[in-house]
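Visitor: using only what follows, build the 3D model:
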Amino acid sequence: MAMTRRDALRAGVGAAVSLGTPNLLAQSVQPILKTIPSSGEMIPPVGIGTNRYGVGESEDERAPLRATMARFAELGGRVIDTAAAYGTSEAVIGDIAAELGLTNDLFLATKTDIRGRIRGEEGLRNSFDRLRAEQIDLMMVHQLVNADTELPILREWQAAGRLRYIGASISSLDQYDEMEQFMLNEDVDFVQFNYSLGNRAAAERLLPTAADRGIAVMINLPFGGARRSLFNVVEGQELPEWAAEFDCASWAQFFLKYLISHPAVTCPIPGTRQVRHVNDNFGAARGRLPDAEQRRRQEQLFDSLA
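Guide: Next up, the predicted model:
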């Protein structure tokens, strides 16, 4: 049977991270901050991915998301990633952020429409309307679709001050070559791609290229994809005692701290719809991070279980 996030929390250091409350470190230590190379701005290193925020308008559907976003902001989180293609996600985030008074405090990242119907300025205006924002922090060309026509418009809106940062996203290995060429040929602020302890291919070329080019990196699928969840790999395993050496109190933090500790990674964006997962994930944004030797030890442990 597949391991759930609830099971993984129980298998970790239960006294430190319970199902309902964050560990003490997550409450008492200021978040780590990572630098956006193009500007020097610093942001917390754990965000929220929202591809499952495309819900309706009922209170039953929105209440858990509202509580999640409120707790995220309370802990010091800022980065929320969405996309025009994620159903009603942009509108849900825009509505909840406005209700909570967080619209100007969050770092809102979204992506161009890849469904083929709405492009260019019309697509950008729609995102602004749905997010209820006067300025969007980051707009990315989604999956590099129509990058040749979308990117010039993003540059125009960035020059006009409507977009703070621009870039592009992918989410699969078969797009790595295209993303590498994009980074080499385009002057952008951010890229987004998949990387995890179970899929380290991005460390071979994409992360070094981003570092060389001074491009911030947002990480999607930090816990692996639906077909290969990292939590399934560690099913039934206790968190190693040596994880405490870098203030790690759960498997989720083990996976996220591995990513955050890479010097080229700016912010992983785990999909997060529950308060207890915010509490757990954001624990990775505090305390010590694994050094190079500890990262190798993480890799060896994971590989021995995979």
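Visitor: strands of the stretch 101-250 of the chain, start to end?
Guide: With strands called from DSSP state E, counting those that start in this stretch, the stretch 101-250 of the chain shows them at 107-111, 136-141, 163-169, 190-194, 216-220.
Visitor: do you know how far the nearest residue to residue 85 once chain neighbours are set aside is from residue 253?
Guide: Take residue 85 and drop its neighbours on the chain: the residue closest to it by Cβ to Cβ, 6 or more residues apart in numbering is residue 114, 5.4 Å away. All C-beta spots, glycine's among them, are computed from the backbone N, C-alpha and C. Distance from residue 114 to residue 253, counting by Cβ to Cβ, to the nearest Å: 32 Å.
Visitor: more crowded one of those two?
Guide: Set residue 114 next to residue 253 and count neighbours by other Cβ atoms under 10 Å: residue 253 wins out with 31 against 20.
Visitor: number of nearby residues for the nearest residue in space to that one that is not next to it in sequence?
Guide: Nearest residue to residue 253 in three dimensions, chain neighbours excluded: residue 284, at 4.3 Å (Cβ to Cβ, 6+ apart). As a burial measure, residue 284 scores 31 neighbours (other Cβ under 10 Å).
Visitor: show me what contacts residue 284?
Guide: Going by Cβ atoms under 8 Å, 6 or more residues apart in numbering, residue 284 touches 45, 46, 248, 252, 253, 256, 257, 260.
Visitor: you'd agree residue 100 is up against residue 72?
Guide: No: using Cβ atoms under 8 Å as the test, residue 100 is too far from residue 72 to be in contact (10.1 Å).
Visitor: so the two - more neighbours on which side?
Guide: Under the criterion of other Cβ under 10 Å, the comparison of residue 100 against residue 72 puts residue 72 first, with 26 against 14.
Visitor: and the residue nearest to that one when sequence neighbours are not counted, which helix or strand is it part of?
Guide: Closest residue in space to residue 72, ignoring its immediate chain neighbours: residue 278 at 5.0 Å, by Cβ to Cβ, 6+ apart. Secondary structure from DSSP states H and E places residue 278 in helix 275-282.
Visitor: top helix in the protein by residue count?
Guide: If you go by DSSP state H, the chain has its longest helix at helix 59-75.
Visitor: mind listing residues that contact that helix?
Guide: By Cβ under 8 Å, 6+ apart, helix 59-75 touches 22, 26-27, 31, 48, 53, 55, 80, 92-93, 95-97, 99-100, 102, 105-106, 272-275, 277-279, 282, 285.
Visitor: in helices, which of those appear?
Guide: Using DSSP H, these in helices are 26-27, 92-93, 95-97, 99-100, 275, 277-279, 282.
Visitor: out of the residues you listed, which one sits closest to residue 178?
Guide: Taking Cβ to Cβ as the measure, residue 178 sits nearest to residue 93 out of the ones in helices among the contacts of helix 59-75, at 28.1 Å.
Visitor: dump the residue contacts of the closest one.
Guide: Per Cβ under 8 Å, 6+ apart, neighbours of residue 93: 50, 53, 69, 80, 82, 108, 131.
Visitor: apply 7 Å and report the result again.
Guide: Contacts for residue 93 (Cβ atoms under 7 Å, 6 or more residues apart in numbering) come out as 50, 53, 80, 82, 131.
Visitor: show me the shaky parts of the stretch 51-200 of the chain.
Guide: For the stretch 51-200 of the chain, applying pLDDT under 70 flags the ranges 116-118.
Visitor: okay, the residue most central in space within the chain and residue 296: tell me how far apart.
Guide: Of all residues in the chain, the one closest to the mean position by Cα atoms, centre = their mean is residue 269, 1.2 Å from it. Per Cβ to Cβ, residue 269 is found 25 Å from residue 296.
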